[in-house]
Structures are given as C-alpha cells and as structure tokens.
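This is the structure alone, sequence omitted:
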C-alpha cells in the first residue's frame, strides 16, 4: 500500500482528505499537485498541508457519473496539458517524481528514445528483476526492445506535459464535467505515453478518442507500434507491484512487437 486515505471533518465543518504514508514521501505528490495548479489548467485538489508522512488535500465533491460529456471534457483538458511546452525544451522534469511507490528519474534529455529507455523501461525492468517477477526470457525481450527504441519510436515527438496515471479512480467528475485529476506522476514526455496508458486501462471510451483526435491529431503508427511500446512501462510497474496477470499482459505486448 502506497498510502492510507481518509475523509476527515475539521472542527469548522470542512471536509479534507488526509493521506498518510510511512514509506512513500507524500511531499513529492504535493509538489506535483502544486505545479499543476500553478502552471496548467488541469483541475486538481488544493494542497492544504504537506510533509513526507502526511498530505492534506481539499475534498472535491463528485458524483462518479462518467459519460460522453465527461469524456469530451477530459479530452479537452488533457489535450491542453499535452500542449504545455517543456521549459527546458527537453524530455524530463525539474525534479524526480513518483509513479506509485517508485521514483521516476527525470533528468532532462533531448533524446526521447534515450529518455524512455534509460529513465523508464530499464529502471522498472531492474525492479522487476530484483523482485523476481520475470523470467530470463521476458527480461531479455524487454531489454532488446529498449535497445531498439530509436527504430520503434521514429516519429520525432515534441515534449508535452503528461499527468502520468490517468485511470478511472484518479478522475473525479460532477454534473458531466471533470472536477479533479488525482495522484499525478508528471513529466514532459511524448504525450502518446498518456494515450497508451488510457488505452491500457480503458479509462475513457470512444467519445474521448474522437474529441481528442480532433484537438491533437495522433501521428500514424501509434496503434500499430508505439502503443504497445509505451504500455510496457505501466505494465512493468504493475508487474513489480502485483505480478500475476500483468506478466501475461506484458508478454502479449512483447509478442505483438515481434520480440
């Protein structure tokens, strides 16, 4: 468990969300939320207090009703986020961030294939190796894919800011609109990594995809190759955490890529 989450009522009647963790520094999540609030139009809960062990957040009322209007609004918000320019003109971020309990090293790089290989795939592959989650064949296959990224990712993406963890539980909605995105794992990336994650966990349906493509056309080759490449990273995260069916899902992407 990364953190325990509770809804707390204060003496003045306000409700706040309290997150506690002894292992994962919640100050990193607070910094990401503040960055999004100060630099983007993405709705996020306000940070009321933060330390490594305790994070107090604004409670955002929601009704959990996901429909076409919500999906279209999400497409607008994410398309705008993905258009945010990297201040360094490179891939990475000003600090390291987190995906679940794992550190995402974000040292700036002008090479997207190099960044995705050295900062994402290989570090998570090492975690899976250390935890004994993958056999030698699977480890070798992902290493070979990582070595071939210059060929597999040949579309020259422009760095854009990504939320990094857009699954249904991290999207709060009310009255047909998105009111908050939770638990970010931000950095400047090829925005298609966000799309691949949304595809992987089926966060949104066709209304999202139709509207998003109208705002930011997707370069040919995404569904044929790059989606499977980009899904390797979140699958490795889930393999490291849970193993099981995620190992099979990882193997399926490896086979589809021809490795």
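Perfect, thanks for sending it. Bear in mind that the values here come from a model prediction, so they are computed numbers and not experimental data. Numbers count the residues shown, from 1 in each chain.

Okay, now the unreliable bits of the stretch 1-150 of the chain?
Residue ranges of the stretch 1-150 of the chain with pLDDT under 70: 1.

at 90 instead, please
Scanning the stretch 1-150 of the chain for pLDDT under 90 picks out 1-3, 9-14, 22-23, 64-67.

Strands of that one, start to end?
Ranges of strands within the stretch 1-150 of the chain are 4-9, 15-20, 47-50, 54-58, 97-99, 102-104, based on DSSP state E, counting those that start in this stretch.

Present the ones you listed as CSV; the columns should include mean neighbour count and distance to residue 215.
(C-beta placed from N, C-alpha, C; glycine too.) Output for the strands of the stretch 1-150 of the chain, formatted as CSV (neighbours: other C-beta atoms under 10 Å; distance: least, C-beta to C-beta, whole Å):
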stretch, mean neighbour count, distance to residue 215
strand 4-9, 10, 33
strand 15-20, 16, 31
strand 47-50, 16, 29
strand 54-58, 20, 28
strand 97-99, 21, 25
strand 102-104, 18, 26
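
Relative to residue 180, how far out is residue 103?
Computed as C-beta to C-beta, to the nearest Å, the residue 103 to residue 180 distance reads 25 Å.

Test my guess that residue 76 contacts residue 211.
Yes. Counting by C-beta atoms under 8 Å, residue 211 is a contact partner of residue 76 at 7.1 Å.

Out of the strands of the stretch 1-150 of the chain, which is closest to residue 184?
For those, proximity to residue 184 was assessed by C-beta to C-beta; strand 97-99 is nearest, at 7.8 Å.

what's in contact with the closest one?
Residues outside strand 97-99 that contact it (C-beta atoms under 8 Å, 6 or more residues apart in numbering) are 24-25, 28-29, 32, 103-104, 106, 164-165, 184-187, 234, 237.

do stretch 56-63 as well
With contact meaning C-beta under 8 Å, 6+ apart, stretch 56-63 is reached by 7, 14-19, 33, 45-50, 172-175, 179-180.

With stretch 147-162 instead?
Taking C-beta under 8 Å, 6+ apart as the rule, stretch 147-162 contacts 40, 81-86, 89-91, 112-114, 116-117, 121, 145, 186-194, 219, 221, 225-226, 229, 257.

How about the contacts made by the most centrally placed residue in the chain?
Nearest to the mean C-alpha position of the chain, by C-alpha atoms, centre = their mean, lies residue 164 at 1.6 Å. For residue 164, the contacting residues are 97, 99, 104, 184, 185, 186, 187, 189, 193, 194, 197, by C-beta under 8 Å, 6+ apart.

Give me the subset of those residues lying in strands.
The members of these that map onto strands under DSSP state E are 97, 99, 104, 187, 189.

any idea which element residue 161 lies in?
According to DSSP states H and E, residue 161 maps onto strand 160-162.

and the residue nearest to residue 72 when sequence neighbours are not counted, what is it in contact with?
Of all residues not flanking residue 72 in the chain, residue 211 sits nearest, at 4.4 Å (C-beta to C-beta, 6 or more residues apart in numbering). For residue 211, the contact set (C-beta under 8 Å, 6+ apart) comprises 71, 72, 75, 76.

Could you give the number of residues near the third one?
Yep, that's residue 75 we're talking about. Residue neighbour count, defined by other C-beta atoms under 10 Å, stands at 23 for residue 75.

you'd agree it is up against residue 206?
No. Between residue 75 and residue 206 there is no contact under C-beta under 8 Å: 10.9 Å.

what's the span of stretch 212-231 from first residue to last?
Start-to-end span of stretch 212-231 (C-alpha to C-alpha, to the nearest Å) is 19 Å.

right, I mislabeled it, should have said stretch 17-37
By C-alpha to C-alpha, one end of stretch 17-37 lies 17 Å from the other end.
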